[in-house]
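Engineer: predicted structure and sequence below. I'll ask about it afterward.
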Amino acid sequence: MSAPPGREALPAVLDALAAAAPTLGTGRLLCVDGPAGSGKTTLAGRVAAAVPGAVEVHTDDLLQGWSGLAGLAERLEELLRPLASGRPGRYRRWDWLADAWAETVVVDPAPLLVVEGVGSGAARCADLTTLLVWVEAPHDLRMRRGLERDGEAFAPHWERWARDEQDLFDREQTRERAQLRVDGRDGTVQP
């Protein structure tokens, strides 16, 4: 399911979702994955806004802090498996300022669930994923975006986070499993 080079990502994602059968109960699951600062949140938000009734979940809310990637797949599965059975899913939200778990968030079944963030395309949940989109951008651009978004509080964690996410992507073969790859610099689908 590839799109022509240079095609803008939003229509390509919407077309791919429309052409695919539901995989999350009666709904579809879009996972927008890739390294920090690549443009995942922007694309995911645009898709969710374009689909009536879509629900968006950010993996940042499921991570147990800066070292939370190791437990993410399990928490995603705990959210997604009930939804696949037509029941509400749940997750505890991580409060980054308090550095602790916060409230439980209930996610009702929806026509489209958009899960975005590093690790959203967990291989453990591949059977539930309708479409996996990989977004990437050059390191320096991603770092600049990360610092602009998260402030200097992000700076001391960037290199360790980059190593952790690369280890995860290598182990999971996330980029290789993605049906669409998006250039986070200009939002076009890559060949």
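Structural biologist: Thanks, I have the structure now. What you see is a predicted model, and the numbers here were worked out from it, not measured in a lab.
Engineer: what segments of the protein are helices?
Structural biologist: 9-19, 40-50, 72-84, 139-150, 158-172, 174-177 (DSSP state H).
Engineer: okay, these in a markdown table with mean pLDDT and distance to Trp66 next?
Structural biologist: Glycine gets a C-beta too; all of them are placed from N, C-alpha and C. Shown next, in a markdown table, are the helices of the chain (pLDDT from 0 to 100; distance: least, Cβ to Cβ, whole Å):
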| stretch | mean pLDDT | distance to Trp66 |
| --- | --- | --- |
| helix 9-19 | 97 | 29 |
| helix 40-50 | 96 | 18 |
| helix 72-84 | 97 | 12 |
| helix 139-150 | 79 | 11 |
| helix 158-172 | 90 | 6 |
| helix 174-177 | 96 | 20 |
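Engineer: nearest to Val133, of those helices?
Structural biologist: helix 9-19 (6.1 Å; Cβ to Cβ).
Engineer: next, the angle from that closest one to helix 40-50.
Structural biologist: Here helix 9-19 points in a direction 60 degrees away from that of helix 40-50 (axes from the mean of the first three to the mean of the last three Cα atoms, to 10 degrees).
Engineer: report the buried residues of helix 9-19.
Structural biologist: By neighbour count on 16 or more other Cβ atoms under 10 Å, the buried set for helix 9-19 is 9-10, 12-14, 16-17.
Engineer: same thing with stretch 99-118?
Structural biologist: 107, 109-110, 112-118.
Engineer: now do the same end-to-end measure for it.
Structural biologist: 19 Å (Cα to Cα, to the nearest Å).
Engineer: could you measure from the spatially most central residue of the chain over to Arg87?
Structural biologist: The residue lying closest to the centre of the chain (Cα atoms, centre = their mean) is Glu116, at 2.1 Å. Separation of Glu116 from Arg87 (Cβ to Cβ, to the nearest Å) stands at 22 Å.
Engineer: alpha carbons of stretch 35-42, as CSV, please.
Structural biologist: C-alpha atoms of stretch 35-42 as CSV (Å, rounded to 0.1, in the frame of the first residue of the first chain):
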residue,chain,number,x,y,z
PRO,A,35,11.5,9.4,16.4
ALA,A,36,10.8,12.3,18.7
GLY,A,37,10.3,15.6,16.9
SER,A,38,9.6,14.1,13.5
GLY,A,39,6.1,15.5,13.1
LYS,A,40,3.9,12.6,14.3
THR,A,41,1.6,14.7,16.5
THR,A,42,0.9,17.1,13.7
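Engineer: since that was my last question, I'll sign off now.
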